[in-house]
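Trainee: below are the sequence and a predicted model; questions follow.
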Amino acid sequence: MELRDIEIFLTLAEELHFGRTAARLHVSQARVSQAIKVQERRLGGALFERTSRTVRLTDLGERLAKDLRGGYDSIQSALAEATASVNRPSGTLTLGVMGALGHELHSLTEDFTARYPACRVQFREIHFSDPFTYLRRGEADMLLVWLPVAEPDLTVGPVLLTEGRVLAVARGHELAGRTDASMEDLADHPVLTAGRDLPEPWIAAMVPSRTPSGRPVLSSGPVMKTFHEVLTQVAAGTGVAPLNAHVVRYYTHPGVLFVPLRDAPATEWALVWRTAADTAPVRAFAEFARATGTRAMR
């Protein structure tokens with residue numbers, strides 16, 4: 001007896017209705033009838049008694065259903081486990097993060113590896129000056145970067161973290177004594193630049209070319225490549241720099257103060273990966289992170 005025929009027989013033994021059996025198995029009612037007739041001819045006896053109103057198992061059918069059920073369930077369980085093992089993530093997942101953000105993901109990655117013990121997560125530091133190259137060179141499987149990301153070869157996954165923003169200024173700067181600053185202040189002071197080779201919508205989300213009222217924002221100094229270069233240039237008075245608020249907790253510099261930007265949009269940090277490299281570990285981590293939900297950083 002073929003496995004499909006066993007499935008048809010056992011389903012009909014449960015439903016005792018040809019129409020419901022066909023609908024449940026997504027086959028035609030004629031296919032169900034044919035399968036049962038073939039088995040009855042092979043066994044030399046009726047498996048079901050049929051009337052115009054009812055269908056019930058014969059004694060032969062009762063015994064066969066009882067004998068087949070355990071074996072069929074074992075086969076289905078083995079097939080399900082084999083399928084799961086193929087799709088179960090394993091190996092090392094490399095996650096690119098900027099600076100201290102790896103610490104913010106520590107509990108998430110611990111929970112993920114507890115759920116998938118054959119999969120290990122390792123962090124790789126990336127820089128805002130060229131983040132997507134790490135993905136495209138295969139040096140990272142996923143990135144955690146701020147939105148928006150509109151690269152045609154990349155998939156944007158769930159948002160993991162949100163936070164506010166601050167303005168980094170030199171200790172002697174005129175904004176240093178204020179309790180907060182505005183995005184409009186960017187038009188009145190030179191702003192350090194990360195260069196214009198980056199995707200414009202992405203870098204403009206952090207360092208806009210104009211203020212909300214439309215006033216131009218003037219860049220200053222050399223192109224910044226790393227966060228520590230930013231702090232060094234800010235301390236030297238070269239310019240000011242909009243940054244994400246987590247820097248207040250993780251970084252200090254003797255010549256730099258962080259002033260809250262009261263009207264800056266919130267930063268959303270999301271997972272991003274190459275669409276062509278949608279592997280089992282990548283899918284599993286993205287799904288696990290999505291189920292965990294977004295967390296606001298304080």
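Mentor: Received, thanks.

Trainee: which strands and helices sit next to the longest helix belonging to the chain?
Mentor: Longest helix in the chain, counting residues (DSSP state H): helix 59-87. Packing partners of helix 59-87 (3 or more C-beta pairs under 8 Å, 6 or more residues apart in numbering; DSSP states H and E): helix 3-15. C-betas here are computed from N, CA, C, even on glycine.

Trainee: next SSE downstream of the lowest-mean-pLDDT helix or strand in the chain?
Mentor: Between all helices and strands in the chain, the lowest mean by mean pLDDT, DSSP states H and E belongs to helix 59-87, at a mean of 81. Sequence-wise, the next helix or strand downstream of helix 59-87 (DSSP states H and E) is strand 91-97.

Trainee: now that following strand: mean pLDDT?
Mentor: For strand 91-97, the mean pLDDT works out to 95.

Trainee: equivalent analysis for stretch 157-171, please.
Mentor: In this model, stretch 157-171 has a mean pLDDT of 96.

Trainee: and that stretch, end to end?
Mentor: Start and end residues of stretch 157-171 are separated by 39 Å (C-alpha to C-alpha, to the nearest Å).

Trainee: in that stretch, what counts as buried?
Mentor: Neighbour counts over stretch 157-171 (16 or more other C-beta atoms under 10 Å) mark 157-170 as buried.

Trainee: that older thread, and the longest helix of the chain, what's buried?
Mentor: So, applying 16+ other C-beta under 10 Å, buried residues of helix 59-87: Gly61, Leu64, Ala65, Leu68, Tyr72.

Trainee: what do you get for stretch 255-273?
Mentor: Of all the residues in stretch 255-273, those buried under the rule 16+ other C-beta under 10 Å are 256-259, 261, 264, 267-273.

Trainee: distance across it, terminal residue to terminal residue?
Mentor: 37 Å.

Trainee: and what of stretch 140-157?
Mentor: 15 Å.

Trainee: what's the distance between that stretch and the middle of its chain?
Mentor: Its chain's C-alpha centre and that of stretch 140-157 lie 10 Å apart, by C-alpha atoms, centre = their mean, to the nearest Å.

Trainee: any idea how far Cys119 lies from Arg24?
Mentor: Distance check for Cys119 against Arg24: by C-beta to C-beta, to the nearest Å, it reads 36 Å.

Trainee: my error: substitute Pro265 in the last question.
Mentor: 51 Å.

Trainee: what does Pro281 give?
Mentor: Per C-beta to C-beta, Pro281 is found 35 Å from Arg24.

Trainee: more neighbours: which of the two?
Mentor: Using other C-beta atoms under 10 Å as the criterion, Pro281 and Arg24 rank with Pro281 on top: 22 against 16.

Trainee: host element of that one?
Mentor: Under the assignment here (DSSP H and E), Pro281 is part of helix 280-292.

Trainee: how about Ser28: what's its closest non-neighbour residue?
Mentor: Ala22 (6.0 Å; C-beta to C-beta, 6 or more residues apart in numbering).

Trainee: if you could redo that for Leu101, that was the one I meant.
Mentor: Nearest one to Leu101, counting by C-beta to C-beta, 6+ apart, is Leu144 at 5.9 Å.

Trainee: next up, the contacts around the one you found.
Mentor: Leu95, Gly96, Val97, Met98, Leu101, Leu105, Leu160, Leu161, Trp269, Ala270, Leu271, Val272 (C-beta atoms under 8 Å, 6 or more residues apart in numbering).

Trainee: ranges for the strands of this protein?
Mentor: Counting by DSSP state E, one finds strands in the chain at the ranges 48-50, 55-57, 91-97, 119-125, 142-146, 154-163, 165-170, 191-192, 219-220, 241-244, 256-260, 267-274, 295-296.

Trainee: where does the stretch 1-150 of the chain dip in pLDDT?
Mentor: 1, 81-88 (pLDDT under 70).

Trainee: quick revisit: possible to save the strands of the chain as TSV with distance to Phe227?
Mentor: Listed next are the strands of the chain as TSV, based on distance: least, C-beta to C-beta, whole Å:
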stretch	distance to Phe227
strand 48-50	74
strand 55-57	73
strand 91-97	12
strand 119-125	10
strand 142-146	13
strand 154-163	15
strand 165-170	10
strand 191-192	11
strand 219-220	17
strand 241-244	8
strand 256-260	11
strand 267-274	14
strand 295-296	22
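
Trainee: so which of these comes closest to Asp180?
Mentor: With C-beta to C-beta as the measure, strand 256-260 is the member of those nearest Asp180 (4.5 Å).

Trainee: summarise which helices and strands that closest one is packed against.
Mentor: strand 165-170, helix 227-235.

Trainee: could I get the ones you listed in JSON lines, plus columns for distance to Thr292?
Mentor: Below are the helices and strands packed on strand 256-260 laid out as JSON lines (distance: least, C-beta to C-beta, whole Å):
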{"stretch": "strand 165-170", "distance to Thr292": "24"}
{"stretch": "helix 227-235", "distance to Thr292": "26"}
